[in-house]
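1. Predicted model, plus sequence, below.
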Amino acid sequence: MSFDFKKYIADIPDFPEKGIIFRDFSPLVGNGPAFKEAISELAEFGRRKGATAVAAPEARGFLVGAPIATELGVGFVQARKEGKLPRATESETYDLEYGTSSTLEMHLDAIKPGDKVLVVDDLLATGGTIQATIRLIERLGGEVVGVAFIIELSELPGRDNLKDYDVFSLTTY
Ligand SMILES: O=P(O)(O)OC[C@H]1O[C@H](OP(=O)(O)OP(=O)(O)O)[C@H](O)[C@@H]1O
Ligand SMILES: Nc1ncnc2[nH]cnc12
């Protein structure tokens, strides 16, 4: 039987603005067995895809990406919000489900030649964040072998916007 991840995701109406149902994965991260199971299932997808690196956007993506990289025994690539990385970067600006636009940056040497990258995040909404992360990886010479999420919001066009990639998610709303 598959694990009931939704038991550990809280639904908060009208946060951070009216009309948005915020899907909060804090209870999942806060529960040892549930978090371990989520990381293990996402890592298994990355293993099947032959990932040699894991990449994720700041901040919630880091909670998911770093333990997956550890489980796979590969390095972790940071996509950070603007102005945080100390050396030369590439950058990408994108729109979100709520709020204004945002910018992600990656160090120029973050991707090694030939890297097969598993891209992960807590949640897929419009896909803007993960598409910006993918554009950075590809511009730096990496190959995206799969994209994985804990939560997918199916009423938004995230999956359509990722139609060129193998997308895996643990739960769908
Ligand atoms: O598919 P999208 O429409 O791009 O939305 C999904 C993104 O939105 C959230 O991040 P947020 O920008 O709120 O930042 P945080 O991780 O720092 O909370 C979430 O963690 C995803 O990264
Ligand atoms: N509905 C939502 N819940 C939690 N995080 C999000 N990021 C973008 N949309 C979101």
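-> Looks like it arrived, so ask away. Ligands and ions are numbered 1, 2, ... in the order given.
2. Please list the residues of the chain that sit near ligand 1.
-> Within the chain, the positions lying close to ligand 1 (CB under 6 Å from any ligand atom) are 57-61, 96-97, 102, 121-129, 158. In short, each C-beta sits where N, CA and C put it, glycine included.
3. filter the residues you listed to the buried ones?
-> Among the residues of the chain next to ligand 1, those classed as buried by 16 or more other CB atoms under 10 Å are 57-58, 60-61, 97, 102, 121-129, 158.
4. where's the lengthiest helix in the chain relative to the chain centroid, distance-wise?
-> Ranked by residue count, the top helix of the chain under DSSP state H comes out as helix 32-48. Averaging C-alpha positions (CA atoms, centre = their mean, to the nearest Å) puts helix 32-48 13 Å from its chain's average.
5. List the buried residues for that helix?
-> 34, 35, 37, 38, 39, 41, 42, 43, 45, 46.
6. Those residues into JSON lines, with extra columns for distance to ligand 2?
-> What follows is the buried residues of helix 32-48, written out as JSON lines (distance: CB to the nearest ligand atom, whole Å):
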{"residue": "34", "distance to ligand 2": "17"}
{"residue": "35", "distance to ligand 2": "17"}
{"residue": "37", "distance to ligand 2": "20"}
{"residue": "38", "distance to ligand 2": "16"}
{"residue": "39", "distance to ligand 2": "19"}
{"residue": "41", "distance to ligand 2": "20"}
{"residue": "42", "distance to ligand 2": "17"}
{"residue": "43", "distance to ligand 2": "22"}
{"residue": "45", "distance to ligand 2": "21"}
{"residue": "46", "distance to ligand 2": "22"}
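7. Reformat those into CSV and put pLDDT next to each item.
-> Below are these laid out as CSV (pLDDT from 0 to 100):
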residue, pLDDT
34, 98
35, 98
37, 98
38, 98
39, 98
41, 98
42, 98
43, 98
45, 98
46, 98
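8. Which residue lies closest in space to the most centrally placed residue in the chain, excluding its sequence neighbours?
-> Central residue of the chain (CA atoms, centre = their mean): residue 121, 1.7 Å from the mean position. Sequence neighbours aside, residue 61 is the residue nearest to residue 121 in space, at 4.2 Å (criterion: CB to CB, 6 or more residues apart in numbering).
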